[in-house]
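Trainee: Make a model of this:
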Amino acid sequence: MRVSLEPGYVLHRRPYRDSSLLLEIFSQQYGRVGLVARGVRGGKSRKAALLQPFQNVLISWVGRGELKTLTDVEPSAGNASLPGRQLANGFYVNEIMVRLLQRDDPHPQLFEHYAQSIQRLADNQNPEPALRQFEIWLLQEVGYGLQLQYEAESGEPVVAQQDYCYQPETGPVAMHSIRCDGVAVSGSTLLALSAGNLVDQTTLKEAKRLLRNVLAHHLGGRAINAREMFWQRSMIKENYEADG
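Mentor: Next comes the predicted model:
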């Protein structure tokens, strides 16, 4: 199987053997793909410079199975540059994609959402609305879409003035009816998420708590490490530079 000049982004990269890289990419038509990029580390490799997270590139590869072989990479128009404090948010987005998406499972609509979200982070605005919206899109794409408009048990419409207990496997249940073993969330926040109206700070705070809980459930309770690892590396770099 040979794929030529497929639009894509590098989600994750790590060294492999002496001079190669193992890549997880997200492509427009093929979804998440594992690639071996041979001989690109060291020296002044043009390919290595292009194979960086958040760059929109055109990727070519050959092979079948879990790992294909990169044959070429070309620059593409419309690349975004994430400001320093937004890099951690970008790495967070990439990590949850690697952990929730199956390889070789196409998600062309999610590809457009991802490109849009990276651009919003590059614009260096408040990242919270972009992150919450992308989490909702991602959960929907992988079959874990949130129930936001109707109660899970009764099927009654969610009421803005009512408090709910959100259970990741089923959805919201009116708080007065059960002891909450999920996440407490207001009806107004559920409806705001459904409408994509993520402006109010109280809504954003509740939405973050809800979505983190749902993601943790579907990740089997495993922690998301991207931000912590990014800040640790940043502190090491800053201390090194400060020490001369």
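Trainee: Look at the most centrally placed residue in the chain and give its secondary structure.
Mentor: Computing the C-alpha centroid of the chain and ranking residues by Cα atoms, centre = their mean puts V93 first, at 2.7 Å. Classification of V93 by DSSP: H, G, I helix; E, B strand; the rest coil places it in helix.
Trainee: Spit out the contact partners of it.
Mentor: V93 makes contact with Y114, S117, I118, L121, L131, F134, according to Cβ atoms under 8 Å, 6 or more residues apart in numbering. Every C-beta, even on glycine, is put in place using the N, C-alpha and C of the backbone.
Trainee: Could you identify the most distant pair in the residues you listed?
Mentor: Taking Cβ to Cβ, the two most distant members of these are Y114 and L131; they sit 12.1 Å apart.
Trainee: Specify the beta-bridge partners of V173.
Mentor: Counting by DSSP bridges, V173 is bridged to C165.
Trainee: Provide a list of residue ranges in this protein with pLDDT below threshold.
Mentor: Flagging of the chain using pLDDT under 70 yields the residue ranges 43, 177-178, 226-244.
Trainee: the helices in it, which residues?
Mentor: 46-50, 84-100, 108-122, 127-141, 187-195, 201-218, 226-242 (DSSP state H).
Trainee: The third one relative to helix 127-141, how many degrees between them?
Mentor: In this case it means helix 108-122. If you take axes from the mean of the first three to the mean of the last three Cα atoms, to 10 degrees, helix 108-122 sits at 170 degrees to helix 127-141.
Trainee: tell me the angle of helix 108-122 relative to helix 84-100?
Mentor: Helix 108-122 and helix 84-100 are oriented at 160 degrees to each other (the same axes, to 10 degrees).
Trainee: which other helices and strands contact helix 108-122?
Mentor: Counting contacts by 3 or more Cβ pairs under 8 Å, 6 or more residues apart in numbering; DSSP states H and E, helix 108-122 is packed against strand 2-16, strand 20-27, helix 84-100, helix 127-141.
Trainee: mind running it again at 10 Å?
Mentor: Other helices and strands packing on helix 108-122, by 3 or more Cβ pairs under 10 Å, 6 or more residues apart in numbering; DSSP states H and E, are strand 2-16, strand 20-27, strand 31-37, helix 84-100, helix 127-141.
Trainee: Put together a markdown table for these, with distance to G182 on each row.
Mentor: What follows is the helices and strands packed on helix 108-122, written out as a markdown table (distance: least, Cβ to Cβ, whole Å):
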| stretch | distance to G182 |
| --- | --- |
| strand 2-16 | 30 |
| strand 20-27 | 30 |
| strand 31-37 | 29 |
| helix 84-100 | 20 |
| helix 127-141 | 15 |
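Trainee: G221: which of those is closest?
Mentor: Comparing the helices and strands packed on helix 108-122 under Cβ to Cβ, the one sitting nearest is helix 84-100, at 12.2 Å.
Trainee: excluding its backbone neighbours, what's nearest G63?
Mentor: T69 (5.0 Å; Cβ to Cβ, 6 or more residues apart in numbering).
Trainee: That neighbour contacts V33, correct?
Mentor: No. Between T69 and V33 there is no contact under Cβ atoms under 10 Å: 11.1 Å.
Trainee: which of the two has more neighbours?
Mentor: Ranked by neighbour count (other Cβ atoms under 10 Å), T69 and V33 place V33 first, with 24 against 13.
Trainee: so what's the more buried one bridging to?
Mentor: On the basis of DSSP bridges, V33 takes part in beta bridges with I25.
Trainee: Pretty sure it sits against R64.
Mentor: No. Using Cβ under 10 Å, V33 makes no contact with R64, being 11.3 Å away.
Trainee: Can you work out which residues contact both of these two?
Mentor: Each of D104 lies in contact with both V33 and R64 under the rule Cβ atoms under 10 Å, 6 or more residues apart in numbering.
Trainee: what's the residue nearest to G63 in contact with, if anything?
Mentor: T69 makes contacts with S20, L35, V36, A37, R38, S60, W61, V62, G63, as judged by Cβ under 10 Å, 6+ apart.
Trainee: Before I go, just wanted to say thanks for your time.
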